[in-house]
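Visitor: let me see the structure of the following:
(2 chains)
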Amino acid sequence: MSDPLSAAFRIAASGLEAQSTRMRVVAENIANADSTAATPGGDPFRRKIVSFETTLDRASDARLVKIRRVAEDERPFRVEYDPAHPAADDKGVVKLPNVDQLVELADMREANRSYQASLQIFRQARELHAMTIDLLKG
Amino acid sequence: MTDLFALGERRLDWLTTRQSTIAENIANANTPGFRPRDLRAFVDLLDAQPVRLAATHPSHIATGARDEAGGHRAGPAQAWETTYSGNSVALEQELMRASETNRGAAVATSVMRAFQRMTLLNLKG
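Guide: Below is the predicted model of the structure:
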């Protein structure tokens, strides 16, 4: 059996990585909230969603988290009537990305919170480590 | 007398295993369907000393010689909330458990150090 503390470090690191990837995808969604198609009548940017899954790390018997996949949101696009827009089709309708800013902000907040929690665990595991080493100092 | 060091070691072992279990719970705080786990209480672990078969022959299979490490891997923790995705990790609860674990480790190491000082004092006379 491996050292549970180093397993704790590895697990916390996997949490940090997963949440930061999620944050990156949220950033992409928000940045592209108004990215329309380049051609008239084409599809605009489609919102992306991250999904997580638990994996067992056999070396340390730890349940890590990893990104299962980054899927695309299948919800319909927003449409707007704007004949002057370069991406408008022959009826003058423009398709806008299916990104909801509010949902993205909520998602970002949740990712932030989980990231902080993992970071806190990392810090505490380090403290535990330090305490154990301090025993040697007598 | 020196049993206290063995006890301290078991306590630290339990605490670090608990810390890594909490780390699992927190890392998977947003994984759909994930159920958090916790360890059995340390007191229960001490009370439930497993009955061991006496090994009177070298070819006897050792039973329960060192089963604590895996033995205190425990079942699901009581959760405060379950979200729509079937995940029942409450971050606040896990962080509380984590700081509880850290306090426990501080106490355990302090006691061990005090005991070591005492032993040294006895030796020096």
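
Visitor: the residue in chain A that chain B sits nearest to - how many residues pack around it?
Guide: Residue of chain A nearest chain B, by Cβ to the nearest Cβ: A:G15 (3.2 Å). (Glycine included, C-beta is placed from N, CA and C.) Using other Cβ atoms under 10 Å in any protein chain shown, A:G15 is surrounded by 29 other residues.

Visitor: need the contact list for it.
Guide: A:65, A:114-115, A:117-118, A:121, B:23, B:26-29 (Cβ atoms under 8 Å, 6 or more residues apart in numbering or on different chains).

Visitor: how near is it to A:R126?
Guide: The spacing between A:G15 and A:R126, counted by Cβ to Cβ, to the nearest Å, is 15 Å.

Visitor: can you list the buried residues in the helix or strand containing A:R22?
Guide: Assigning secondary structure by DSSP states H and E places A:R22 in helix A:4-31. For helix A:4-31, burial by neighbour count (16 or more other Cβ atoms under 10 Å in any protein chain shown) applies to A:4-5, A:7-12, A:14-19, A:21-23, A:25-26, A:28-29.

Visitor: same question for stretch A:79-94.
Guide: By 16+ other Cβ under 10 Å, the buried positions in stretch A:79-94 come out as A:85, A:87-89, A:94.

Visitor: restricted to strands, list the residues you listed.
Guide: When strands are assigned by DSSP state E, the members of the buried residues of stretch A:79-94 inside them are A:V94.

Visitor: between the buried residues of stretch A:79-94, which sits nearest A:R75?
Guide: A:V94 (17.0 Å; Cβ to Cβ).

Visitor: quick check: angle from the longest helix along chain A to helix A:4-31?
Guide: Of all segments of type helix in chain A, defined using DSSP state H, the longest is helix A:101-137. On the basis of axes from the mean of the first three to the mean of the last three Cα atoms, to 10 degrees, helix A:101-137 is oriented at 160 degrees to helix A:4-31.
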